[in-house]
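Enquirer: I need the structure of the sequence given here:
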Amino acid sequence: MKLGREIILYVIFGVLTTLVNFVTYIFFVRFLNINYLISNVLAWFFSVLFAYVTNKIWVFESKNKNILREMSLFFGGRLFSGVVDTGLMYVLIDILSVGDLISKIIIQVIVVILNYVISKIIVFKKE
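Expert: I've put the predicted structure just below:
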């Protein structure tokens with residue numbers, strides 16, 4: 001079944017995208033001592049680049065010829081979820097005093113689900 005394959009691939013590449021996000025975040029915050037919010041934005045950027053390529057080619061198998069429109073929708077959707085991600089980081093860490101790595105894990109679950117819905121319904125919808 002195509003939907004089952006799509007979800008499995010989305011989960012696999014979602015895990016890899018999350019790994020890119022975590023590794024990049026840890027690199028910037030722990031090794032370069034960059035503020036956690038700036039590190040989070042940088043991690044978001046690199047993970048979105050990875051996610052676009054993998055989602056387009058392997059998950060949704062998009063044949064859309066209007067690449068600029070598709071990329072704009074994808075990056076716009078990810079920008080929205082990136083704002084949600086960063087906002088939740090601020091709330092959990094600065095307001096609720098939850099550790100940054102625990103916060104990252106909780107938030108990534110929410111973001112992965114949100115990104116699938118945006119990609120499926122808006123970005124890579126079948127014409």
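Enquirer: contact partners of stretch 28-41?
Expert: Stretch 28-41 is touched from outside by 24-25, 42-43, 82, 85-86, 89-90, 93, 100, with contacts defined as C-beta atoms under 8 Å, 6 or more residues apart in numbering. For every residue, glycine as well, the C-beta is placed using N, CA and C.
Enquirer: Kindly report the same for stretch 11-20.
Expert: Under the criterion C-beta under 8 Å, 6+ apart, external residues in contact with stretch 11-20 comprise 43, 46-47, 50-51, 54-55, 58-59, 108, 112, 115-116.
Enquirer: And the pLDDT at the closest residue to K56 other than its chain neighbours?
Expert: Counting by C-beta to C-beta, 6 or more residues apart in numbering, the nearest residue to K56 once its immediate chain neighbours are dropped is S62, at 4.8 Å. In this model, S62 is scored at 93, pLDDT.
Enquirer: What's the local residue count around S62?
Expert: As a burial measure, S62 scores 17 neighbours (other C-beta atoms under 10 Å).
Enquirer: Give the helix, strand or coil label for it.
Expert: For S62, the assignment made with DSSP: H, G, I helix; E, B strand; the rest coil gives coil.
Enquirer: is it true that it touches F124?
Expert: Yes. At 5.1 Å, S62 counts as touching F124 under the criterion of C-beta atoms under 8 Å.
Enquirer: Next, show the common contact partners of those two.
Expert: With contacts defined as C-beta under 8 Å, 6+ apart, the residues shared by S62 and F124 are 55-56, 70.
Enquirer: By neighbour count, which of those wins?
Expert: By neighbour count, taken as other C-beta under 10 Å, the most surrounded of the shared contacts of S62 and F124 turns out to be N55 (24 neighbours).
Enquirer: contacting residues around the closest residue to that residue other than its chain neighbours?
Expert: Among residues not flanking N55 along the chain, S119 sits closest, at 5.9 Å (C-beta to C-beta, 6+ apart). For S119, the contacting residues are 10, 55, 59-60, 74, 77, by C-beta under 8 Å, 6+ apart.
Enquirer: farthest-separated two in the contacts of stretch 28-41?
Expert: T24 and Y90 (18.7 Å; C-beta to C-beta).
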